[in-house]
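In: sequence-free structure coming up:
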C-alpha cells in the first residue's frame, strides 16, 4: 500500500485494515524500564519468581498501559498517511479494553482498521481507527481500542 495517499484513496479505505505492524518483543527489560518510568512496581510486572508462583500467569506480564503505549510504534511506518498532512496528533482513545495479559517475552503486533475519516476544517481530518493488539500464538487479542488521530496540513 502506498505511504502517502490522496484524500479520495484514503477515504476509500474506510472499513478496511490499513496496516499491520511488525512483531515487537515485550521482554522483561522493557517491562522493567516501564516500571521505572511509571513507578508501577507491582510484583506481577517485575518479580518473575513471585509472579510464577503467586499468579495464574506463570510469570511476569506487561502493564496494560505498556501495551497501549506501543501502538504508536506499531502505527509508525505501517499505516498509510494522508498526502500533504505532515502532522499526526494523538486526539484520544475510546473503549480501551485489556483482554489478555502479555507475558514477558511475548511478541505483539498492532492491526489497524480505518473506521472513519471526518473533515473537521480545511486541512484537518479526524481519523478513527480500530486497533487490535495481537499476541503471537494466542487466539484472543491483548488489547482493543478506538484511537482518534488528527491529521493536519499546514498550521493548526
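Out: Sure, I can see it. Keep in mind that this is a model prediction, so the values were computed, not measured. Residues are numbered from 1 along each chain as shown.

In: Contacts for the longest helix seen in the chain, please.
Out: For the chain, the helix that runs over the most residues, judged by DSSP state H, is helix 28-38. Where contact means C-beta atoms under 8 Å, 6 or more residues apart in numbering, the residues beyond helix 28-38 that reach it are 40-41, 45-46, 48, 60-63, 65-66, 69, 104-105. Just so you know, the C-beta spots here come from the backbone N, C-alpha and C atoms, and that holds for glycine as well.

In: give me that answer again for 6 Å
Out: If you take C-beta atoms under 6 Å, 6 or more residues apart in numbering as the criterion, helix 28-38 is touched by 41, 45-46, 62-63, 66, 104.

In: Quick one: mean pLDDT over the following helix or strand past that helix.
Out: The C-terminal neighbour of helix 28-38 among helices and strands, as given by DSSP states H and E, is helix 43-46. The average pLDDT within helix 43-46 is 97.

In: Most neighbours of all the contacts of helix 28-38, which one?
Out: Each of the contacts of helix 28-38 was scored by neighbours using other C-beta atoms under 10 Å; the highest score is residue 62's, at 27 neighbours.
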